[in-house]
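Q: sharing a sequence plus its predicted fold:
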Amino acid sequence: MASVGSHETYYVPEQTKLPFFASIGLVFTVYGLGSVLNDIKAAESATTSTWIALFGFGLLSFILFQWFSTVIRENHAGMNSDQLKRSYVWGMSWFIFSEVMFFAAFFGALYYVRNFAVPWLGGEGDKGITGQILWPEFVATWPVIENPNSAVFTNPEEALNVHEWSLAFFAKFLPFWNTIILITSSVTVHFAHTALKAENRKRLIQWLSVTVALGVVFLFLQVEEYMEAYEHYGLTLDSGIYGSTFFLLTGFHGFHVTLGTFILAVMLARAIKGHFKPNDHFGFEAASWYWHFVDVVWVGLFIFVYLL
């Protein structure tokens with residue numbers, strides 16, 4: 001039987017109002033962004049909605065900065081026991097699992113639309129009678145270029161996917177280069193992690209800087225792709241189910257890349273300040289896990305949204 005002295009001391013943080021205020025910031029952010037989209041669709045001024053979103057985002061950013069700064073100070077002060085550090089590992093693991101389920105729902109919706117809903121509207125299968133009655137002239141194809149009700153949904157001029165297997169095509173295809181960029185960034189962040197464990201801070205900073213730069217380049221090309229989709233392909237959120245699923249999947253992934261790039265930039269700043277030890281660097285490791293997850297999701301997006 002273990003003695004009382006052999007038990008590990010478990011640090012219990014003091015009560016805090018930070019989660020409450022973070023929730024308020026998140027509510028204002030989401031409400032503001034939703035209002036901005038509604039205002040734009042209604043051709044109304046989005047000034048008030050923009051300020052609401054910016055207020056919420058600013059409040060959320062400030063609270064998270066205070067929150068994580070407290071966690072970092074506690075760890076440097078030696079307050080975090082091995083048990084508490086294991087709880088961080090489990091917490092991050094469950095968070096990434098929830099993100100997997102988040103994107104699984106979106107991929108599931110894409111699968112349902114492509115394999116069931118659109119064929120039914122085209123008159124196929126047991127439920128095809130609905131499409132035959134409502135839109136008898138609609139032809140079920142994917143991507144959907146000719147919507148069943150063009151009076152409600154605008155038809156894109158062309159699909160933003162791989163429709164030609166040639167070097168000349170892929171050389172100009174932005175999603176292909178974004179795939180190369182993210183796969184490369186997954187390798188560079190691994191090199192940074194290896195350098196950290198080898199106590200090579202110079203290499204850690206170099207490889208982490210390259211990873212952050214690649215994340216920024218990815219986001220720049222994503223914006224370029226969206227501009228091209230709107231201006232040259234006529235592909236918008238109002239382009240029916242194809243436009244909705246395209247921007248839903250790529251947009252949410254872009255948000256995750258933005259968040260991941262910001263987190264890695266914070267890890268870079270901490271590395272420059274001398275934070276992290278070879279045997280105590282879960283903050284960096286968690287950021288690395290998240291970045292690998294974002295990269296894997298993009299590979300799935302490239303296959304199911306652009307290739308197939």
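A: Yep, that arrived.
Q: what helix or strand does Val223 sit in?
A: helix 201-231 (DSSP states H and E).
Q: and that helix, what's buried?
A: Buried residues in helix 201-231, counted by 16 or more other Cβ atoms under 10 Å: 204-205, 207-212, 214-215, 217-219, 222, 225-226, 229. All C-beta atoms are positioned from the backbone trio N, CA, C, and that covers glycine.
Q: likewise for stretch 254-263?
A: Of all the residues in stretch 254-263, those buried under the rule 16+ other Cβ under 10 Å are Gly254, His256, Val257, Thr258, Gly260, Thr261, Ile263.
Q: and the nearest residue in space to the fourth one that is not next to it in sequence, what does it touch?
A: In other words, Thr258. Once flanking residues are discounted, Thr258 sits nearest to Leu219: 6.2 Å by Cβ to Cβ, 6 or more residues apart in numbering. The neighbourhood of Leu219, defined by Cβ atoms under 8 Å, 6 or more residues apart in numbering, consists of Gly254, Val257, Thr258, Thr261.
Q: could you check the angle helix 201-231 makes with the one helix or strand the second one maps to?
A: Under DSSP H and E, the secondary-structure element containing Val257 is helix 240-272. Interaxial angle of helix 240-272 relative to helix 201-231 (axes from the mean of the first three to the mean of the last three Cα atoms, to 10 degrees): 160 degrees.
Q: dump the residue contacts of the nearest residue to Trp67 once chain neighbours are set aside.
A: Closest residue to Trp67 apart from its sequence neighbours, by Cβ to Cβ, 6+ apart: Leu18 at 4.8 Å. Listed by Cβ under 8 Å, 6+ apart, the contact set of Leu18 reads Ile63, Gln66, Trp67, Thr70.
Q: just the ones of the residues you listed in helices?
A: Secondary structure defined by DSSP state H assigns Ile63, Gln66, Trp67, Thr70 of the contacts of Leu18 to helices.
Q: most neighbours among the residues you listed, which one?
A: In terms of neighbours by other Cβ atoms under 10 Å, those top out with Ile63 at 20 neighbours.
Q: what pLDDT is listed against the residue nearest to that one when sequence neighbours are not counted?
A: With Cβ to Cβ, 6+ apart as the criterion, Ile63 has its nearest non-adjacent residue at 4.4 Å, and that residue is Ala22. Here the pLDDT value assigned to Ala22 is 93.
Q: what about Ala22, how many neighbours?
A: By other Cβ under 10 Å, the residues close to Ala22 number 18.
Q: how far away is it from Val257?
A: Using Cβ to Cβ, to the nearest Å, one obtains 22 Å as the distance from Ala22 to Val257.
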